[in-house]
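> Quick one: sequence plus predicted model below, questions after.
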Amino acid sequence: MHLLPFLTLISFVAIVSSHVYFQDDFSKPGWENRWIVSSWKQDSGEAGKWDLSAGKLFGNEASEKGLRTTEDARFYDISAKFDDFSNKGKTLVVQFSVKHEQNIDCGGGYVKLVPHGFEPKEFRGGDKETTYNIMFGPDICGATKKVHLIFHNKGTNHLIKKNVAAEADEFTHLYTAVIEPDNTYRILVDGEEKQSGKIEEDWDILPPKKIKDPQVSKPLNWVDERMIDDPNDKKPEGYDDIPSEIADPDASKPDDWDDELDGDWEAPKIANPEYKGEWAPKKIDNPEYKGEWVHPEIDNPDYSEDPNLYAYDSFGGIGIDIWQVKSGTIFDNFLITDDFSTAESHFEEVKKRREGERKVKEERDKEEADKRAAEAKEKPQAAETDSDESGDEHAGHDHEHEDL
């Protein structure tokens with residue numbers, strides 16, 4: 001077999017075997033038909049409205065539009081369906097971009113992947129939250145700026161134990177989660193890996209492998225005090241008689257002090273330099289010290305390895321379920337695939353978008369600065385003109401008085 005056709009065949013098989021389960025950059029019309037706004041919180045007036053917008057900072061308005069939150073202090077719930085699939089035996093890549101143009105102070109920017117069969121109109125958070133498989137993305141409130149990656153397993157949502165910092169500036173940032181069939185994961189922000197590891201180690205989904213031996217307790221005679229009082233150290237005689245404060249020896253009665261009117265004069269108190277505080281014996285090494293007692297561990301009988309921690313039987317939709325104090329976040333570039341290279345191919349594109357946004361902001365900031373500087377220059381001139389006009393007016397009145 002010739003090598004070239006063989007390599008071509010391998011490349012073809014790789015291309016054919018990769019899948020894009022969901023993708024939306026809002027370049028196609030009819031987003032309102034693909035993304036369904038939930039009825040949750042609508043009756044109470046607490047649900048915010050969505051629109052499609054590129055925001056204030058963009059290089060190409062038509063191609064940079066995304067889902068935008070538009071009202072402050074509101075709940076936002078919206079979702080889109082796709083064909084049912086399982087990630088068993090496959091890589092799962094979840095990717096989307098977030099732009100917090102409002103300089104967000106408190107609000108979510110994450111998505112939820114839900115099983116097949118959910119009803120978009122019923123998609124919601126709260127106490128009757130729609131069950132999801134994975135929650136991923138940035139969440140910001142005050143000083144807390146973190147990227148969530150939460151796995152639902154057997155009725156419980158498990159948060160990642162590692163901290164991954166979220167971006168909180170005004171520009172578009174790309175968030176990528178990669179879940180592998182060997183139970184490992186990666187989190188990338190703008191194409192840069194921020195965290196990776198094993199699901200079993202970085203989530204408390206499984207019971208621990210080892211537990212403290214319940215049959216063993218610390219011996220009653222175990223000595224774990226490293227230092228003890230020196231039994232030979234004695235308090236010096238008269239130690240407690242030393243006062244903490246004394247009369248200031250440099251103070252003198254004021255010349256205008258009247259004993260009859262002001263009473264007997266007393267010098268103010270100052271700290272006594274001879275006072276050494278409450279006495280305590282000095283510490284020495286404990287000759288009986290045995291070290292810190294370590295509880296022996298045994299294999300946990302409740303632990304069993306789970307090679308399918310990463311896997312879910314069904315994915316059927318993606319949704320945004322967030323609360324925002326300040327609106328203006330734009331979600332875009334949604335991608336769910338089993339091929340990391342497909343996600344990787346968007347890194348440069350989003351980077352260029354972010355650079356374009358920075359350039360637009362710098363230009364606008366410069367225009368604003370120039371405008372303020374020009375206004376500041378005009379104010380003294382205007383003040384001088386007013387002064388001159390006032391002087392001319394007074395001169396005119398003087399002439400009138402002369403004529404009189």
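Looks like it arrived, so ask away. Numbers count the residues shown, from 1 in each chain.
> can you give me the strands in the stretch 251-400 of the chain?
Using DSSP state E, counting those that start in this stretch, the strands found in the stretch 251-400 of the chain span residues 269-271, 283-285, 297-299, 315-324, 329-337.
> Export these as TSV, with columns for distance to Asp72, mean neighbour count and mean pLDDT.
Every C-beta, even on glycine, is put in place using the N, C-alpha and C of the backbone. TSV is the format used below for those (distance: least, CB to CB, whole Å; neighbours: other CB atoms under 10 Å; pLDDT from 0 to 100):
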stretch	distance to Asp72	mean neighbour count	mean pLDDT
strand 269-271	56	12	93
strand 283-285	59	12	95
strand 297-299	52	11	96
strand 315-324	7	23	98
strand 329-337	12	23	98
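> Can I get those strands in CSV including distance to Ile140?
CSV is the format used below for these (distance: least, CB to CB, whole Å):
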stretch, distance to Ile140
strand 269-271, 49
strand 283-285, 48
strand 297-299, 39
strand 315-324, 10
strand 329-337, 10
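> and Glu64, which of these is closest to it?
Glu64 lies closest to strand 329-337 among the strands of the stretch 251-400 of the chain, at 7.3 Å (CB to CB).
> and of the strands of the stretch 251-400 of the chain, who's closest to Tyr110?
Across the strands of the stretch 251-400 of the chain, closest to Tyr110 is strand 315-324 (CB to CB), at 6.9 Å.
> can I see the domain layout of this protein?
Following automatic domain parsing, the chain resolves into domains at 18-204+307-360, 241-278.
> and those domains, which one is worst for confidence?
When these are ranked by mean pLDDT, domain 241-278 comes last with a mean of 90.
> So Ile336 versus Gly263, what's the distance?
Distance of Ile336 to Gly263, given as CB to CB, to the nearest Å: 87 Å.
> Quick one: closest of the strands of the stretch 251-400 of the chain to Asn157.
Short answer: strand 315-324, nearest of the strands of the stretch 251-400 of the chain by CB to CB, at 12.6 Å.
> That closest one to strand 329-337, inter-axis angle?
160 degrees (axes from the mean of the first three to the mean of the last three CA atoms, to 10 degrees).
> Ala80 is in contact with Trp35, correct?
Yes - using CB atoms under 8 Å, Trp35 makes contact with Ala80 at a distance of 4.9 Å.
> Show me the common contact partners of the two, please.
Common neighbours of Trp35 and Ala80 (criterion: CB atoms under 8 Å, 6 or more residues apart in numbering): Asp24.
> quick check: angle from the lengthiest strand in the chain to strand 315-324?
Ranked by residue count and defined by DSSP state E, the top strand of the chain is strand 74-85. Interaxial angle of strand 74-85 relative to strand 315-324 (the same axes, to 10 degrees): 170 degrees.
> Helix or strand next in line after strand 74-85, which one?
As assigned by DSSP states H and E, the chain's next helix or strand after strand 74-85 is strand 92-100.
> The closest residue to Lys41 other than its chain neighbours bridge partners, please.
Nearest residue to Lys41, sequence neighbours excluded (CB to CB, 6 or more residues apart in numbering): Ala47, at 3.9 Å. When assigned by DSSP bridges, Ala47 has beta-bridge partners Phe75.
> out of the domains of the chain, deepest packed?
Stretch with highest mean neighbour count among the domains of the chain: domain 18-204+307-360 (a mean of 18; mean count of other CB atoms under 10 Å).
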